[in-house]
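Chemist: What follows is a predicted structure for the sequence shown.
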Amino acid sequence: MEKKVKIVIDGREIEAQEGQTLLEVALKEGISIPYFCYHPKLKIIGACRMCIVYNEKTGRLITSCNTRVEDGMIISTQHQLVKNNQRYLLQAFMTRHPLDCPICDKAGECDLQNYGALFGPQRQIVPVSALEKERHYIDWESDFLEYYTNRCVVCYRCTRVCDDVNGARALYVEERGFHTNIVPTVRPIDTSSCEMCGLCVHVCPVGAIISKPFKYWTRSWLLKREITVCSVCPVGCQVQVEYGIGDWRSKEKVYRTKPTDDLEICAKTFFGYDALNRDRLLKPHRYGKEESIGNVINHLAYMLKSKGEETAILLSSYLSNEVLGVLKEVATRVGAYITSPLTVDFYAFLEGYGDYTPLHLEDIKGADHYVLVGDDITSSAPVLSYYIKGKVYKYGRTYKDAKLKPINLEGLDHLPGGGIIIVNTTGMACEEARNLGAKIKRISEEKGYRVLILHRDANYLGVYGIFGRDMLSDLGSIMEEVRERRIKNLLVFGEDLPDYYQEEDIQEIFRKLENLVVFSPFADGLARWASIAVPMNLYGEAQGNFHTLKGLRSSKRFLPWSFDERSFYEELLKSLPQEFKEVKVLRGKNPTLRRHLHIYRSNWITDRSENLTKLYEKNAKAVSFAS
Ligand code: SF4
Ligand code: SF4
Ligand code: SF4
Ligand code: FES
């Protein structure tokens, strides 16, 4: 049982748990102590000295972030010595720091700026110019990250987050004292082991590391922010979405996405947020013209009632459980076929493997070792790789798009016992997936491995939970039926099809249809060919639950342009017959085409981000140059 201790801070008696630090206890109690290097998710290093407090019993100043509470401690955060030293330290930080808040992106959310105001001083005692001459400009040669050495307070949060949380080890500390700089291990940093997760930008307490795509576009106090679950991949990170009207030229848009104190985010969301602002389909359309929601529902209801059994629904695993539930009900009320791209790889794997009870991140944390099978998991679930780095049974070559390259399959039979096998089924060919499923099942039973079956789609576990396998037809079989004109109406959700069929093929298939209804967040994709196009929500827009690798997570709807999916589907259901019909299932055919996934461009959401495309191209060029 955890032992309790009693301490006094600023005259208040507080009960704390043995082992906690003074700073943790004080912050929990709402007592304000300034700090730079401390972060709840990072190792304590006691580098900045800003968190000093006065120990009344010993008559000494101590740093609160690395002092554990002891029974009977009497602490003051208001002692004159504390105040003097806080001022002295801030002077020292300001000496190195230019007072360029008016042009610094961190203004308004900068710890140094805030502490200057709260604990003084707000001026430089030593003129910066004398030392400025001594320091040189540090160019990270990046299109995405920018480092201002003279703003740096040398707290080492960036190096620690990069070493210990992301595991990319892309930064190190150069020189000492006033000459200290944070530098990338390889330049340009964009093509190094850096994964562009943006965590160093986020944890930097000042504006020393900033995001170039965000630079100068807006000010932090102009933005609204909400926390929601990211639905770009199945990890389900909590992210902060910042949006609003930041500059006078643009409409309301998303300006930035950030992690929470969990420090879980990847490049797909930290830099890929610009996809939310691109070519959006925000209103329903019919034959290319905006149409009222009521009319669209009437058309859909008529189509489903008159030719429900000649209709197929192509699910997207980027939909919330609630929308998936509605689609299941639609299919059962009109007898429509249902298919999913997951039938090509994930479900094919399960045919060999058998029933799967999903494992979540909590279940696999802290295992001795992990074995990776299938495509690089950093392309499909980047933050999952943060949990397992350093413990993977076999690393492959470490060039960027294959950082956690899977073990050679021949090696599977020679594995030691225990551990976790993570199988990334994304992009596996049907037959290969089936055989591999059977093999992994055998090996996991023989050697005592637990198995996490992964797919890149955000809510693949939601689809699995709601539809199982029995209700779903194979994607290829449905497309064949369309080609043969036996299926006349197709409701396509999401933009997955181009991963499986060439564009000419898709167009040829679509031409055979009487009605093509596309539900998509984007106007530039399949919606171009649709008779009816209806918006689909992304993160920050969708209200509902997602079955992520962290379990069931709720996503919030707050972006002002989001589509009111709930009312739309409620109205649609009201217009359909109440009785239930059998959902027929077609099996036996599936496409084989699937492009290679990259950590920056892995699905139709990330593909639409200009930032990620630029990163991808820069890396592709660097790899081809090196080889
Ligand atoms: S962006 Fe992420 S991986 Fe790159 S240097 Fe910063 S913390 Fe490290
Ligand atoms: S760049 Fe920022 S996070 Fe890194 S040491 Fe400097 S102030 Fe700290
Ligand atoms: S790891 Fe996945 S859920 Fe987390 S931020 Fe990246 S894309 Fe979003
Ligand atoms: S926060 Fe305690 S020394 Fe930096």
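Modeler: That came through, no problem. Residues are numbered from 1 along each chain as shown. Ligands and ions are numbered 1, 2, ... in the order given.
Chemist: So which residues on this protein come close to ligand 1?
Modeler: 161-162, 166, 168, 170-171, 194-200 (CB under 6 Å from any ligand atom). In this view, the C-beta of every residue, glycine as well, is placed from N, C-alpha and C.
Chemist: Mind checking which of these land in helices?
Modeler: 199-200 (DSSP state H).
Chemist: Top of the residues of the chain next to ligand 1 by number of neighbours, please.
Modeler: Met196 (32 neighbours; other CB atoms under 10 Å).
Chemist: surely it meets Gly272?
Modeler: No. Applying CB atoms under 8 Å as the test, Met196 and Gly272 come out as separate, 9.6 Å apart.
Chemist: circling back: out of the residues of the chain next to ligand 1, which is nearest to ligand 2?
Modeler: Cys200 (6.4 Å; CB to the nearest ligand atom).
Chemist: For that closest one, which non-adjacent residue is closest in space?
Modeler: Cys158 (3.8 Å; CB to CB, 6 or more residues apart in numbering).
Chemist: Give me the number of neighbouring residues for the one you found.
Modeler: 24.
Chemist: residue contacts, the residue most central in space within the chain?
Modeler: The chain has Ile265 as the residue nearest its centroid, 4.5 Å off, counting by CA atoms, centre = their mean. Ile265 sits next to 197-199, 202, 230, 237, 239, 257-259, 383 when contact means CB atoms under 8 Å, 6 or more residues apart in numbering.
Chemist: Leaving out chain neighbours, which residue sits closest to it?
Modeler: That would be Pro259: by CB to CB, 6+ apart, it lies 3.8 Å from Ile265.
Chemist: Next, the contact list for that neighbour, please.
Modeler: Counted by CB under 8 Å, 6+ apart, Pro259 has contacts 198-199, 202, 237-240, 265, 270.
Chemist: Lowest mean pLDDT among the helices and strands of this protein, which one is it?
Modeler: helix 128-132 (a mean of 57; mean pLDDT, DSSP states H and E).
Chemist: Name the next helix or strand following it along the chain.
Modeler: strand 145-147 (DSSP states H and E).
Chemist: what's next to that following strand, contact-wise?
Modeler: In contact with strand 145-147 (CB under 8 Å, 6+ apart) are residues 138, 140, 181-183, 189-190, 194, 196, 200-201, 208-212, 215.
Chemist: Sitting in strands, which of those do you find?
Modeler: Among the contacts of strand 145-147, the members falling in strands (DSSP state E) are 181-183, 209-211.
Chemist: now the residue in the stretch 351-500 of the chain that ligand 4 sits nearest to, what's its secondary structure?
Modeler: The nearest approach of the stretch 351-500 of the chain to ligand 4 comes at Tyr386, 23.4 Å away (CB to the nearest ligand atom). What DSSP: H, G, I helix; E, B strand; the rest coil gives for Tyr386 is helix.
Chemist: Any idea how many residues pack against it?
Modeler: 22.
Chemist: Contact partners for the residue of the stretch 301-450 of the chain found nearest ligand 3?
Modeler: When scored by CB to the nearest ligand atom, the stretch 301-450 of the chain has Val383 as its residue closest to ligand 3, at 3.6 Å. Taking CB under 8 Å, 6+ apart as the criterion, Val383 is in contact with 235, 237, 264-266.
Chemist: if you skip the residues just before and after it, what's nearest to Asn85?
Modeler: Ile52 (5.5 Å).
Chemist: what are the phi and psi values for the one you found?
Modeler: Note on Ile52: its backbone torsions stand at phi -60, psi 150 [degrees, to the nearest 10].
Chemist: What's the separation between the residue of the stretch 1-150 of the chain found nearest ligand 1 and Val201?
Modeler: Closest to ligand 1 within the stretch 1-150 of the chain is Leu145: 6.1 Å, counting by CB to the nearest ligand atom. Per CB to CB, to the nearest Å, Leu145 is found 7 Å from Val201.
Chemist: Pop the domain breakdown of the protein in here.
Modeler: 4-78, 98-216, 285-344+463-595, 346-454 (automatic domain parsing).
Chemist: so does the third one get close to ligand 3?
Modeler: Spelled out, that is domain 285-344+463-595. No. Figure legend: domain 285-344+463-595 not in contact with ligand 3 (CB under 6 Å from any ligand atom); closest approach 7.2 Å.
Chemist: How about the residues of the stretch 351-500 of the chain by ligand 2?
Modeler: Within reach of ligand 2 by CB under 6 Å from any ligand atom, the stretch 351-500 of the chain has no residues at all.
Chemist: Now do the helices in the stretch 351-500 of the chain.
Modeler: With DSSP state H, counting those that start in this stretch as the criterion, the stretch 351-500 of the chain has helices at 361-364, 377-380, 382-388, 430-447, 460-467, 475-483.
Chemist: who touches the first one?
Modeler: Counting by CB under 8 Å, 6+ apart, the neighbours of helix 361-364 from elsewhere in the structure are 235, 370, 384, 387-388, 420, 422, 450, 452, 549-551.
Chemist: Tyr337 reaches Val585, doesn't it?
Modeler: Yes. Counting by CB under 8 Å, Tyr337 does reach Val585; the two are 7.4 Å apart.
Chemist: Neighbour count for these two, which is higher?
Modeler: Tyr337 (24 against 15).
Chemist: How about the contacts made by that one?
Modeler: 311-313, 331, 473, 478, 481, 487, 583-586.
Chemist: can those residues go into JSON lines with extra columns for distance to Gly325 and pLDDT?
Modeler: Output for the contacts of Tyr337, formatted as JSON lines (distance: CB to CB, whole Å; pLDDT from 0 to 100):
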{"residue": "Thr311", "distance to Gly325": "18", "pLDDT": "98"}
{"residue": "Ala312", "distance to Gly325": "18", "pLDDT": "98"}
{"residue": "Ile313", "distance to Gly325": "13", "pLDDT": "98"}
{"residue": "Ala331", "distance to Gly325": "11", "pLDDT": "97"}
{"residue": "Ser473", "distance to Gly325": "19", "pLDDT": "98"}
{"residue": "Ile478", "distance to Gly325": "21", "pLDDT": "98"}
{"residue": "Glu481", "distance to Gly325": "25", "pLDDT": "98"}
{"residue": "Ile487", "distance to Gly325": "23", "pLDDT": "98"}
{"residue": "Val583", "distance to Gly325": "14", "pLDDT": "95"}
{"residue": "Lys584", "distance to Gly325": "20", "pLDDT": "95"}
{"residue": "Val585", "distance to Gly325": "19", "pLDDT": "98"}
{"residue": "Leu586", "distance to Gly325": "22", "pLDDT": "98"}
